[in-house]
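Peer 1: Sharing a sequence plus its predicted fold:
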Amino acid sequence: MSAYLFLKFLHIVSSVLLVGTGFGSAYYLFFANRTKSVAVKAEVSRLCVRADWWFTTPAIYETYRRWWEGLGYPAFISMVVVFYLMVTKPALWAN
């Protein structure tokens, strides 16, 4: 396997892990934060923080949770755009 193909493979696998982890954390926190149970919120947050510490840490208090969730939507859409660009490789600038 050439260095280029190895780096391409590594890039694709790491991007899938990034999006998968982010989407999984967002999914569980989205529903847990809508319950009235503080115990459910605490347990789901604890488990998600293990998987995605940098993104879910602000989800501990209500104001920060709203910020985390609000920023999560454009971040997820951005990753979808990145996948689109990886697959289609459009010519963005003419030479």
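Peer 2: Looks like it came in fine.
Peer 1: Name the single longest helix found in this protein.
Peer 2: The longest helix of the chain (DSSP state H) is helix 3-32.
Peer 1: And it, how far out from the chain middle?
Peer 2: 7 Å (Cα atoms, centre = their mean, to the nearest Å).
Peer 1: Buried residues, that helix. List them.
Peer 2: Buried residues in helix 3-32, counting neighbours by 16 or more other Cβ atoms under 10 Å, are found at 19, 22, 25, 26, 28, 29, 32. Using the backbone N, CA and C atoms, a C-beta is placed for each residue, glycine as well.
Peer 1: Let me know the closest of the residues you listed to residue 80.
Peer 2: Using Cβ to Cβ, residue 19 comes nearest to residue 80 of these, at 8.2 Å.
Peer 1: which residues touch the closest residue in space to the closest one that isn't next to it in sequence?
Peer 2: Leaving aside its sequence neighbours, residue 19 sits nearest to residue 79 (Cβ to Cβ, 6 or more residues apart in numbering; 4.9 Å). Going by Cβ atoms under 8 Å, 6 or more residues apart in numbering, residue 79 touches 15, 18, 19, 22.
Peer 1: pLDDT value on residue 79, please?
Peer 2: pLDDT for residue 79: 85.
Peer 1: what about it, distance to residue 86?
Peer 2: For residue 79, the distance to residue 86 (Cβ to Cβ, to the nearest Å) stands at 10 Å.
Peer 1: Also residue 37?
Peer 2: 40 Å.
Peer 1: ditto for residue 76
Peer 2: To residue 86, residue 76 is 16 Å away according to Cβ to Cβ.
Peer 1: Columns pLDDT and distance to residue 4 on top of the buried residues of helix 3-32, output as a markdown table?
Peer 2: A markdown table is the format used below for the buried residues of helix 3-32 (pLDDT from 0 to 100; distance: Cβ to Cβ, whole Å):
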| residue | pLDDT | distance to residue 4 |
| --- | --- | --- |
| 19 | 79 | 23 |
| 22 | 78 | 27 |
| 25 | 81 | 32 |
| 26 | 82 | 33 |
| 28 | 87 | 37 |
| 29 | 86 | 38 |
| 32 | 93 | 42 |
